[in-house]
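K.L.:
quick one: sequence and predicted model below, then my questions.
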Amino acid sequence: MTGKGQEPEIVQGRSHIWRAEIIRDIQAKAELGRYQIRGFSTFQKFPSLDELVFLPAAMTRLPLEGYRELCVSETTIGGGRPDLVSQPLELAIPVYLTSMSFGALGTNAKMALGMGFSRAGSATCTGEGGMLEEERDASTRLIYQMTPSRYGLDLEHLRKADAIEIVVGQGAKPGTGGMLLGMKVSEKVAGMRTLPVGVDQRSAVRHPDFLGADDLQVKIMELREATDYRTPIILKLPACRVREDVKIAAKTGCDAIVVDGTEGSTAAAPEFQLDHTGIPTLAAIPAARRALEEIGMYGKVTLIVSGGIRNGVDAAKALALGADCVAIGTAALVALGCNAPRFVEDYHALGTEPGACHHCHTGRCPVGITTQDPELEARLDPEEGAERVRNFLTAMVMEMTVIAKSCGKGNVHNLEPEDLRAVSLEASALTGVPLAGVDWAVGPETFGRGG
Amino acid sequence: MAAIAGITYLSDTRVEVDVDVVERLNRELRRLNDEGVTEVVMRNPRSRHNLAVGQGAGLKIVFDGSCGYYCGGLNNGAVIEVARNVGWGTGEAMASGSISVGGSAALGTGAGMRGGLIHVKGDCGPRTGAAMKGGTLIVEGSVGYLAGFMTHAGDLIVLGNAGEALGDSLWEGRIYVAGEIRGLGNDANVVEPDDDDSARVHALLRAQGIDGEFPFKKIVAGQKLWYFDNRNPEAWLKI
Ligand SMILES: Cc1cc2nc3c(=O)[nH]c(=O)nc-3n(C[C@H](O)[C@H](O)[C@H](O)COP(=O)(O)O)c2cc1C
Ligand code: SF4
């Protein structure tokens, strides 16, 4: 799709090889002379967390009163090294806002998300474009993201941050840098990134001052020295060779690791990368957990998981598989109004409909979230948006705690692989979680049976 | 004030610090700066990493040997002098102040720096001034490959030679090389600096005590990679 919406549609023929979408794709490439770029998530169907179910308590154990008894949801990021981190990031809930740049998002969206997550007792992350003053004011807990391009990197911002995240990559487009097309490189965005206004910005993927894990270890100590050993340092990895990558990441001495599955969204990426690179979140979580267990770091380095987490049930499954915390992007944007049936004619102008929009890359977001256009941005009231986000987070955590209690747990962090069964061969093979009923796992490593 | 092992007061404002002895050294330097100390002489740096990181204005820090990685990283106004060599990432993300290096520097000198001055009397390794966003980086010797990679702004001035892939994917940074250029990066073009430009660069050098006339070539972006369209398919095919 070119996203313009003017071309007459072509029909689906009988070939499964030359499907309508494939033909359209070739036609677009022939016209554009480049690959296709878009926002949102992969369009592939991967084995997902939906293929796991919980086994709540019945005769073998006792549930807690789902609607009455307390269930702890507090979460600490970077609490494993008090000698190196004097102020770990304390969250009321095991969900925070993933890194989404100012530039990809507009100011109002940043403010709304900052207020919404703060009201839920959680944190947001700056993303690639530097620290936006409005977000710092709105977020009681703000994670500063340091990317290879080092846009707006400022000692004072590092010191104002409540955690620092160093990007190795992201699930939507592993092995490549950020992308922000010219429509969104406004004066304010360009100023913060020291870029010419209106350029199609494609960021670096390799950091300019370290190359491998040994150098990164020194870099992490530099950041600690600069910020007086206060904040946790997080490494964000795309889910690729998770078992190895996570071990190497832990060796750098970071306090937390984000593993971002291939379902992770983006504001702009080459479509073939969205659809064909990285591994699904479902497979990545057990691999990350095993990696940390194998080097004796599970529970010491905080494991954060993102990529396609849509609700409290997904989050609870992620925790049961081994995550300490999840980060969400798209779900929060949808709560804010992404794909809402408002300004429908503007979706049509992009060649799409509410519910099917993936046009963040165009900067013409009909609901004023992923845009720098003041007229479109005015459609998003930060206060109203913040309340929707807070409501969504409340609902999400209610889902998590109700599930945990039904499994007999008074703390969401006590969910464990034993609480899960797989309902597909794929899910069992990818995770090692036993198949429902037969209690037998596909593959070499059974996960969770017997604790 | 209680004596701290490894810190010797030469006067109210001058202090000697033994890098071998003092722990959490950068915190100590910041404390000394707050206390009104204006000059610190650092003994026994022994190429340790992360020395003089995140320091503020009002303090001069003089190393009597070599430093390791990220010396003067995130500098916010301090004047730093290193008698001998430095490792990777010297002055990375520096906002203001200055760093002068008597010997040579390794990879990523001035990476992402936003302001201030770095002056290296010897050579620099690869990726010198990569992602630089402002300030001045003077190298009296030569620079390695990928110098000025994706440099956004500021002046990278090289009196010696430049390695492969100079100025690759340049934004609006200004690169000047007096010696030979082994190879240009993607989308980097060589132009003759005009008289005003040349005078400005020579003035920057004179301010550092470097006299003489240098036959600079200036490297600028061809801007073919600035816009993601098919105006220049040849440029895109290779990358
Ligand atoms: C609008 C938008 C902007 C993003 N910007 C960044 C960014 O600046 N840096 C980064 O590491 N990831 C960025 N991402 C990726 C997210 O941090 C995260 O990996 C992904 O959204 C998580 O998956 P989810 O959206 O399914 O929750 C962005 C994603 C979106 C949707
Ligand atoms: S509605 Fe806006 S935020 Fe949502 S997919 Fe479309 S452009 Fe992106």
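P.N.:
Yep, it's here. Ligands and ions are numbered 1, 2, ... in the order given.
K.L.:
read off the pLDDT value for A:D324.
P.N.:
Note on A:D324: pLDDT of 98.
K.L.:
how about it, what does it touch?
P.N.:
A:T75, A:I77, A:P94, A:T302, A:L303, A:I304, A:H413 (CB atoms under 8 Å, 6 or more residues apart in numbering or on different chains). Heads up, the C-betas are built off the backbone N, CA and C, glycines and all.
K.L.:
contacts only, for the third one.
P.N.:
This points to A:P94. Per CB under 8 Å, 6+ apart, neighbours of A:P94: A:S73, A:T75, A:A315, A:L319, A:A323, A:D324, A:C325, A:V326, A:V397, A:M400, A:V412, A:H413.
K.L.:
before we move on, back to that, which of the contacts of A:D324 lies closest to ligand 2?
P.N.:
Proximity of the contacts of A:D324 to ligand 2, judged by CB to the nearest ligand atom, is greatest for A:I304, which lies at 23.0 Å.
K.L.:
can you count the residues close to that closest one?
P.N.:
Neighbours of A:I304 under the rule other CB atoms under 10 Å in any protein chain shown: 26.
K.L.:
SS state for A:E387?
P.N.:
helix (DSSP: H, G, I helix; E, B strand; the rest coil).
K.L.:
give me the nearest residue to it, chain neighbours excluded.
P.N.:
Nearest residue to A:E387, sequence neighbours excluded (CB to CB, 6 or more residues apart in numbering or on different chains): A:G116, at 7.2 Å.
K.L.:
hang on, the earlier thing: of all the contacts of A:D324, which comes closest to A:A30?
P.N.:
Closest approach to A:A30 among the contacts of A:D324 (CB to CB): A:I304, at 41.7 Å.
K.L.:
check which helix or strand covers that closest one.
P.N.:
Per DSSP states H and E, A:I304 falls inside strand A:302-306.
K.L.:
what about the chain, any weak spots by pLDDT?
P.N.:
Reading this off chain A. Along chain A, the model assigns pLDDT under 70 to residues A:1-8, A:448-451.
K.L.:
oops, wrong one, chain B.
P.N.:
Using pLDDT under 70, chain B drops low at B:1-2, B:230-239.
K.L.:
in it, what residue comes closest to ligand 1?
P.N.:
For chain B, CB to the nearest ligand atom, closest residue to ligand 1: B:A131, 15.8 Å.
K.L.:
host element of that residue?
P.N.:
Per DSSP H and E, there is no helix or strand for B:A131.
K.L.:
so where do the strands sit in chain B?
P.N.:
Secondary structure of chain B, counting by DSSP state E: strands at B:7-9, B:14-18, B:39-43, B:60-63, B:76-82, B:96-101, B:117-120, B:133-139, B:153-158, B:174-177, B:188-191, B:217-221.
K.L.:
sorry, back to before: ok, so what distance separates the residue nearest to A:E387 from B:N26?
P.N.:
36 Å (CB to CB, to the nearest Å).
K.L.:
of those two, which one has the most company?
P.N.:
A:G116 (28 against 22).
K.L.:
give me the phi and psi for that one.
P.N.:
phi -60, psi -50 (degrees, to the nearest 10).
K.L.:
surely it meets A:E384?
P.N.:
No. Using CB atoms under 8 Å as the test, A:G116 is too far from A:E384 to be in contact (10.2 Å).
K.L.:
contact residues of chain A facing ligand 1?
P.N.:
A:41, A:98-101, A:104-105, A:127-128, A:145, A:167, A:170-172, A:178, A:236, A:260, A:263-267, A:306-309, A:328-331, A:360, A:370 (CB under 6 Å from any ligand atom).
K.L.:
cross these against helices and list the overlap.
P.N.:
A:T330, A:A331 (DSSP state H).
K.L.:
close enough to count as contact, A:R290 and A:R243?
P.N.:
Yes. Between A:R290 and A:R243 there is a contact under CB under 8 Å: 6.5 Å.
K.L.:
what about the two, which has more around it?
P.N.:
A:R290 (18 against 14).
K.L.:
doesn't the more buried one belong to a helix?
P.N.:
Yes. Counting by three-state DSSP, A:R290 is part of a helix.
K.L.:
mind listing what it touches?
P.N.:
A:R243, A:E445.
K.L.:
ok, it to A:L132 distance?
P.N.:
The value you get for A:R290 to A:L132, if CB to CB is used, is 38 Å.
K.L.:
over to A:R68?
P.N.:
Taking CB to CB, one finds A:R68 at 42 Å from A:L132.
K.L.:
again with B:L29
P.N.:
B:L29 is 31 Å from A:L132, by CB to CB.
K.L.:
again with B:I138
P.N.:
Taken as CB to CB, the span from B:I138 to A:L132 is 33 Å.
K.L.:
looking at those two, which is more packed in?
P.N.:
A:L132 (26 against 23).
K.L.:
ok now do that one, which residues does it touch?
P.N.:
Taking CB under 8 Å, 6+ apart, one finds A:F102, A:T107, A:K110, A:T126, A:M192 in contact with A:L132.
K.L.:
please repeat the previous calculation with a cut-off of 6 Å.
P.N.:
Taking CB atoms under 6 Å, 6 or more residues apart in numbering or on different chains, we find A:L132 in contact with A:F102, A:K110.
K.L.:
kindly report the same for the one 4 residues further on.
P.N.:
Residues touching A:R136, when contacts are defined by CB under 6 Å, 6+ apart, comprise A:L142.
K.L.:
so it, which state does it fall into?
P.N.:
A:R136 ends up helix, using three-state DSSP.
K.L.:
residues that sit against both of A:G116 and A:E384, list them.
P.N.:
With CB under 6 Å, 6+ apart, A:G116 and A:E384 have no common neighbours.
K.L.:
excluding chain neighbours, what is closest to A:R81?
P.N.:
Per CB to CB, 6+ apart, closest to A:R81 is A:D255, 5.9 Å.
K.L.:
again with A:V199
P.N.:
Per CB to CB, 6+ apart, closest to A:V199 is B:W226, 4.4 Å.
K.L.:
and that neighbour, how far from B:N186?
P.N.:
From B:W226 to B:N186 the distance is 12 Å (CB to CB).
K.L.:
one more: A:E69?
P.N.:
In terms of CB to CB, A:E69 sits 62 Å off from B:N186.
K.L.:
could you count how many residues lie near A:G355?
P.N.:
With other CB under 10 Å as criterion, A:G355 counts 9.
K.L.:
surely it touches A:C338?
P.N.:
No. Between A:G355 and A:C338 there is no contact, the gap being 10.2 Å when judged by CB atoms under 6 Å.
K.L.:
what residues does chain A have near ligand 2?
P.N.:
So chain A meets ligand 2 at A:39-40, A:333, A:338-339, A:357-360, A:365-367, A:369-370 (CB under 6 Å from any ligand atom).
K.L.:
of those, which are in range of chain B?
P.N.:
Of the residues in the residues of chain A next to ligand 2, proximity to chain B by CB under 6 Å from any CB of the partner chain holds for none.
K.L.:
make CSV out of the residues you listed and add neighbour count.
P.N.:
Output for the residues of chain A next to ligand 2, formatted as CSV (neighbours: other CB atoms under 10 Å in any protein chain shown):
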residue, neighbour count
A:G39, 26
A:F40, 23
A:L333, 26
A:C338, 23
A:N339, 20
A:C357, 22
A:H358, 21
A:H359, 24
A:C360, 27
A:C365, 32
A:P366, 27
A:V367, 25
A:I369, 29
A:T370, 28
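K.L.:
which one of those residues sits closest to A:V205?
P.N.:
Distances from A:V205 to the residues of chain A next to ligand 2, taken by CB to CB, are shortest for A:G39, at 19.0 Å.
K.L.:
so where does the closest one fall, helix or strand?
P.N.:
strand A:37-40.
K.L.:
what's the answer for A:K317, then?
P.N.:
helix A:312-321.
K.L.:
what lies in contact with that helix?
P.N.:
By CB under 6 Å, 6+ apart, helix A:312-321 touches A:49, A:52, A:95, A:285-286, A:305, A:309, A:326, A:396, A:399-400, A:403, A:412, A:415-416, A:419-420.
K.L.:
does B:A188 touch B:G167 like I think?
P.N.:
Yes. If you go by CB under 6 Å, B:A188 and B:G167 touch, sitting 3.5 Å apart.
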